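J.: model the following, please.
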Amino acid sequence: MKKGITLINLTVVILLLALIAGIVVYEGSDAIATTNKTKFAIEILDVQTKVDNYYMENGKYPSVTQVTFDVSKLKEEEKTQIAGETVASNSITLYSIDLNLLGIKNTVYGNNKNSKDVYAVSEITGKVYYINGIKFNKVKYYTLTDELYSGMSTSILPKNYKEVRKEEVVFRVNRLEVGKEAVTIDVMVPSDATGITVTATNSITVASAVTEGEYKKYSVNASKVTRNYVVTVKYTLDSTAKTVTYTVNNVDVEGPGSSIYMVKYSGYTVIKIEPNHPEQVAKIKIDKGNLTKEYFSKYGKNVENNEYTCYTAGTYTVYLEDLLGNTTISLLNVTII
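T.: You can find the predicted model right below:
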């Protein structure tokens, strides 16, 4: 029999080489996609963090112009990304972000190359979106999902945090969440410092120190917010005694809202008070006259079951106070029939 490579053998070898090449190309493409996915996650996290910080410091978003984001073509697995948004006519309203206000330059995405190549923020949820979206494994990503975040390095600063450095102390501050939750702080003091004390006003507790790298971490437990508060850190480093403070001044400062209406009966009128968020209201008081917040700090009649009966006509003041100490005063002109 003649020795050598037959046509069948050659065909098999070619097929095997093609298969191997295909696997290498696929794995290489998958690795590149994973890298790009991580790059996108890191960039949008940076934008989200700086937008949160800007809002905390300025009370508004660094928005420019209104942008309509069409969500009609989102797949079911992509719709979770717009959770909490108000959808009208298959779109949500966002506002493009001025990256210059955030000190962000040379981004890979959001460079205004076209109308969709922008980062935009929702003034309802505070979420940052990349309108154009990035597609990985048949799913398009528009915002920082939990999946994107969990795929990044654990050394990345936790979501919704900002860092403020004063002297050698780092205050790692969690932003004010939707729902008026606490602003919490991790106080990072160099491990070689001595005589360290960390205290907070308004009876807010501070956890004992735990070691984290080159720092001692003190967590300020503000799980029950009462008011804005101040954290004071005292320590000695290189034989120098120092004191630094951080003020949490963005806790909810708005008085509680409510619906107030009167029901008239023969000889008396019932005032009904319905707070918008009853679980956040600490006090409801009322009294006759045009009265002030200072008056109600000592006087006034407590309103039971959100109703108060008036037997005499005149001006009445309704006073509401929430768990954060914010107040709302409303004047009513009561008539009796």
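
J.: any low-confidence regions in this structure?
T.: Along the chain, the model assigns pLDDT under 70 to residues 1-35, 150-163, 175-183, 222-227, 249-253, 324.

J.: ranges for the strands of the stretch 201-337 of the chain?
T.: 205-206, 210-212, 215-221, 229-237, 240-248, 258-265, 268-275, 281-288, 301-302, 307-310, 314-322, 327-334 (DSSP state E, counting those that start in this stretch).

J.: let me know which of the ones you listed is the nearest to residue 185.
T.: strand 215-221 (4.3 Å; C-beta to C-beta). C-betas here are computed from N, CA, C, even on glycine.

J.: now do the buried residues in that closest one.
T.: Within strand 215-221, the residues that count as buried by 16 or more other C-beta atoms under 10 Å are 215-220.

J.: same thing with stretch 66-80?
T.: Quick answer for stretch 66-80 (16+ other C-beta under 10 Å): 67, 69, 71, 74, 78.

J.: circling back: how about the buried residues of strand 215-221 in a markdown table, adding distance to residue 93?
T.: What follows is the buried residues of strand 215-221, written out as a markdown table (distance: C-beta to C-beta, whole Å):
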| residue | distance to residue 93 |
| --- | --- |
| 215 | 42 |
| 216 | 45 |
| 217 | 40 |
| 218 | 41 |
| 219 | 37 |
| 220 | 36 |
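
J.: adding distance to residue 187, write the strands of the stretch 201-337 of the chain out as TSV.
T.: Converted to TSV, these look like this (distance: least, C-beta to C-beta, whole Å):
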stretch	distance to residue 187
strand 205-206	8
strand 210-212	11
strand 215-221	4
strand 229-237	6
strand 240-248	8
strand 258-265	37
strand 268-275	35
strand 281-288	29
strand 301-302	39
strand 307-310	46
strand 314-322	27
strand 327-334	31
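
J.: what's the closest of those strands to residue 97?
T.: Using C-beta to C-beta, the nearest of the strands of the stretch 201-337 of the chain to residue 97 is strand 240-248, at 25.1 Å.

J.: what lines up beside that closest one in the sheet?
T.: strand 229-237 (antiparallel) (DSSP bridges).

J.: what are the buried residues along the partner strand?
T.: 229, 231, 233-235, 237.

J.: also stretch 83-99?
T.: For stretch 83-99, a neighbour-count test (16+ other C-beta under 10 Å) marks 85, 92-97, 99 as buried.

J.: now do stretch 299-315
T.: For stretch 299-315, by 16+ other C-beta under 10 Å, it's 300, 303, 308, 310.

J.: ok, the closest residue to the second one other than its chain neighbours to residue 89 distance?
T.: The shortest distance from residue 303 to any residue that is not its chain neighbour, by C-beta to C-beta, 6 or more residues apart in numbering, is 4.1 Å, and that residue is residue 284. Taking C-beta to C-beta, to the nearest Å as the measure, residue 284 falls 40 Å from residue 89.

J.: what of residue 303?
T.: 42 Å.

J.: and residue 203, by the same measure?
T.: Residue 203 is 49 Å from residue 89, by C-beta to C-beta.
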